[in-house]
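In: Return atomic coordinates for the entry below.
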Amino acid sequence: MSEQNEQIEEKKYPLGVSAKFAGGTFLASLPFDLLAHLGPTGLLVGGLASYVAWKHGPEVYEALRDIVPALPVLPDGSEQTLPVQKKQGRSLIDRAMGYHPEENGQAQEDVQAENIDIFAQQERSAEVPGIARITVDQMVERTARNSYEVYIGRSLTGQGNKAVKINFRKRHIKLIGASQHGKSSMAAALLEAITRTHDNEHVLLALLDLENKTSRLFADVPHIAELLVGGKTVDLHAKSYDEVLERLELICELIDYRYTLSEQELDQLPILIVYLEEFIDLKDYFKQLIDAVPEDQKESAKKKYTRLVYCIKKIAARGLKAYVQLLMCAQVDYADEDLKEALVNVTSGMSFAVRPTAAKAAGFYQNAMITQNAKDDKVGQCVVEMPDCKDIILAPDYDLKARLRALGAKQAVYKKALPVNLKTPVSQHVNTPVNGSTSSIEPLPENPRLRLLETGNVSEIELEDIEEPSVNVNVNDQTRETIKRLVEMGTLKHRQIAKVVKLDGRNYPIYRQVCREMGIATEREA
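Out: Numbering: from 1, shown residues only. The predicted structure follows:
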């Protein structure tokens, strides 16, 4: 870059500071003037030196402070006026010395962030001061219905700290960061805002959460995807390692099926957001299982790990064309080459207080922002890298712990009588066996009672208007599953549940016997 094209950023200093430098320089030049008998010429030289000190003295002093940190801070708070962002162009000292910091500044950013003085006194708050976070209610109020858009927080770099909105359709998103820095709260805020602004004909969820914390808040929303596999209903809500692997394989089968559809048919389907919490822990578990199991089980453990990596790789590589997209959370660890390759297609993400080298390994490349964010180390502050947003933002106000405590007290955040929409759009369209699979995913049979129950709270439905079929003493698995889920919801009394499954009246003893067999306690009701 030529010096003619360089943008010289002139910094303004307090008048008193510049005056001190000018006056000191002029006074220092007087003895030389007197000794050399320069007369007016000496005064002119001293005046010019004073002017140079006025203009550039503070800048020269600050450059020396970078070299000798022990020098005192300039008075009148001049250091506090330094901008947060890195200056563009070269300083006066840089130009005088022929130094080009841009040539090696980028290479030093990672080192600077990772060598923050751990002994320095930290008197800053863990929160970003002076900026109010947006709430989920505000996000919902300002989002158009079924628009595939969602607010993600406030900009910390733009004027006015305006709220930032993104389009999430056909986009994998990764959230990485240290523990307790807000990535799970961000994920929960996104899921709540999306489910409140989109119906289940546009958005479905697969909740694969080993901790079963964040996903518990959404266990009862009507957006949980369900499939009928081998005659049994399987919801895409997993809470254990094996359940997660099983659901991932089902999602891969769903992708295969959707690839057989035309573009017009695909456009009629809802997107499926696969929320995968702590996927690094998931990988570690199945990888370590290979060494932990007895010799005769090692081959099976190796196959499980291979299947896991294959599923994540397939969803990342082929999912978007089938409207299946990942929302992944992890504490940073991308050292595993298998997952590096698997996640090369997950290009959109948010980084919470992550070291530059770790963020780079995870696929982030906004180095200046990553470095600044790591230095700030604020809860809820993250770097966003997406096609429609490259910024440092402050995440929405979402107290995940408080909401989980409230969930424990109320049993659910979102309530509905039947926790399953058995006519979910996924099941409506998946009506043929998947190629290469031993299982089949089929549409659910017609059921007039379930069609009624889909509309709302069962207590508001005139169940007496439903035609009574003949009672089958042999209670099938589907009926047992319905009983179990309605009991878990806690919305209905046992008499009401019995009426839903046609085991009321004189058949109520059969209902009670089924509950006992399932380990469900019943109480005698009037």
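In: Give the rounded mean pLDDT of the helix or strand where G408 lies.
Out: Applying DSSP states H and E as the criterion places G408 in helix 400-410. Across helix 400-410, pLDDT averages out at 81.
In: which parts of it are buried?
Out: If you call a residue buried by 16 or more other Cβ atoms under 10 Å, then helix 400-410 has these buried ones: L400, R403, L407. The C-beta positions use only the backbone N, C-alpha and C, and glycine is treated the same way.
In: Wait, the second one touches A188, no?
Out: Yes. The pair R403 / A188 is scored as a contact, 7.4 Å apart, by Cβ atoms under 8 Å.
In: Quickly list what's touching both of these two.
Out: Residues touching both R403 and A188 (Cβ atoms under 8 Å, 6 or more residues apart in numbering): L217.
In: got any ranges where the stretch 351-500 of the chain has weak pLDDT?
Out: Applying pLDDT under 70 to the stretch 351-500 of the chain flags the ranges 410-473.
In: For it, which segments are assigned as helices?
Out: In the stretch 351-500 of the chain, the helices defined using DSSP state H, counting those that start in this stretch lie at 356-361, 367-376, 400-410, 425-429, 448-453, 477-489, 494-500.
In: go on, the stretch 201-350 of the chain?
Out: Under DSSP H, counting those that start in this stretch, the stretch 201-350 of the chain gives helices at 241-258, 263-267, 279-292, 298-318, 337-342.
In: Pull out the buried positions in the fourth one.
Out: Think helix 298-318. 301, 304-305, 307-309, 311-318.
In: Just want the angle from it to helix 279-292.
Out: Going by axes from the mean of the first three to the mean of the last three Cα atoms, to 10 degrees, helix 298-318 is angled at 160 degrees with respect to helix 279-292.
In: Helix 241-258 and helix 298-318, what's the angle between them?
Out: Using the same axes, to 10 degrees: helix 298-318 against helix 241-258 is 40 degrees.
In: Which residues does helix 298-318 contact?
Out: For helix 298-318, the external contacting residues (Cβ under 8 Å, 6+ apart) are 172, 245, 248-249, 251-252, 255, 259, 274, 276, 279, 282-283, 286-287, 289-290, 292-293, 324, 326, 338-339, 341-346.
In: Tell me which residues are up against stretch 504-514.
Out: Here stretch 504-514 makes contact (Cβ under 8 Å, 6+ apart) with 471, 473, 475, 479-480, 483, 494-495, 497-498, 501, 503, 522.
In: Any chance of JSON lines for these, columns distance to V150 and neighbour count?
Out: Shown next, in JSON lines, are the contacts of stretch 504-514 (distance: Cβ to Cβ, whole Å; neighbours: other Cβ atoms under 10 Å):
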{"residue": "V471", "distance to V150": "48", "neighbour count": "13"}
{"residue": "V473", "distance to V150": "50", "neighbour count": "7"}
{"residue": "V475", "distance to V150": "43", "neighbour count": "19"}
{"residue": "T479", "distance to V150": "39", "neighbour count": "17"}
{"residue": "R480", "distance to V150": "38", "neighbour count": "16"}
{"residue": "I483", "distance to V150": "37", "neighbour count": "22"}
{"residue": "H494", "distance to V150": "40", "neighbour count": "22"}
{"residue": "R495", "distance to V150": "42", "neighbour count": "15"}
{"residue": "I497", "distance to V150": "36", "neighbour count": "25"}
{"residue": "A498", "distance to V150": "41", "neighbour count": "25"}
{"residue": "V501", "distance to V150": "38", "neighbour count": "19"}
{"residue": "L503", "distance to V150": "43", "neighbour count": "25"}
{"residue": "T522", "distance to V150": "43", "neighbour count": "18"}
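In: closest to I131 among these?
Out: I131 lies nearest to I497 out of the contacts of stretch 504-514, by Cβ to Cβ, at 49.2 Å.
In: Near the nearest residue to the closest one once chain neighbours are set aside, how many other residues are there?
Out: Leaving aside its chain neighbours, I497 sits nearest to L486 (4.8 Å; criterion: Cβ to Cβ, 6 or more residues apart in numbering). Other residues within reach of L486, judged by other Cβ atoms under 10 Å, total 23.
In: quick one: L486 from T479, how far?
Out: 11 Å (Cβ to Cβ, to the nearest Å).
In: what residues are up against S184?
Out: L175, K213, T214, E277, C329, L400.
In: Turn those into TSV, columns for distance to Q268.
Out: Compiled in TSV, the contacts of S184 are given as follows (distance: Cβ to Cβ, whole Å):
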residue	distance to Q268
L175	30
K213	34
T214	30
E277	30
C329	30
L400	35
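In: Drop anything exposed from these.
Out: Neighbour counting over the contacts of S184 (16+ other Cβ under 10 Å) leaves L175, K213, T214, E277, C329, L400 as the buried ones.
In: and the fourth one, what are its bridge partners?
Out: In this structure, E277 has beta-bridge partners D209, where bridges are defined by DSSP bridges.
In: so how far is V244 from it?
Out: 9 Å.
In: ditto for the third one
Out: Here the criterion is Cβ to Cβ. By it, T214 lies 14 Å from V244.
In: ditto for A409
Out: In terms of Cβ to Cβ, A409 sits 28 Å off from V244.
In: quick one: low-confidence parts of the chain?
Out: The chain contains residues with pLDDT under 70 at 1-129, 332-336, 410-473, 523-526.
In: for it, what spans make up the strands?
Out: For the chain, the strands defined by DSSP state E cover 149-155, 163-167, 173-177, 203-209, 226-229, 232-235, 237-238, 271-277, 324-330, 348-352, 381-386, 389-394, 441-442.
In: Tabulate the ones you listed in CSV, adding columns for distance to A368.
Out: What follows is those, written out as CSV (distance: least, Cβ to Cβ, whole Å):
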stretch, distance to A368
strand 149-155, 15
strand 163-167, 18
strand 173-177, 18
strand 203-209, 34
strand 226-229, 45
strand 232-235, 44
strand 237-238, 39
strand 271-277, 29
strand 324-330, 23
strand 348-352, 13
strand 381-386, 10
strand 389-394, 10
strand 441-442, 47
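In: what domains does the record give for the protein?
Out: 7-100, 136-410, 447-526 (automatic domain parsing).
In: what sits in contact with each of E277 and V244?
Out: Common contact partners of E277 and V244 (Cβ under 8 Å, 6+ apart): L208, L210.
In: Mind putting the domains of the chain into JSON lines with distance to G130?
Out: As requested, those are exported to JSON lines (distance: least, Cβ to Cβ, whole Å):
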{"stretch": "domain 7-100", "distance to G130": "13"}
{"stretch": "domain 136-410", "distance to G130": "9"}
{"stretch": "domain 447-526", "distance to G130": "44"}
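In: Looking at those, which one is packed in the most?
Out: domain 136-410 (a mean of 19; mean count of other Cβ atoms under 10 Å).
In: Quick check: the nearest residue to L320 once chain neighbours are set aside vs I152, distance?
Out: Residue nearest to L320 in three dimensions, not counting chain neighbours: K170, with 4.9 Å by Cβ to Cβ, 6+ apart. To I152, K170 is 17 Å away according to Cβ to Cβ.
In: Over to R216?
Out: Taking Cβ to Cβ, one finds R216 at 22 Å from I152.
In: next one: A187
Out: According to Cβ to Cβ, A187 and I152 sit 11 Å apart.
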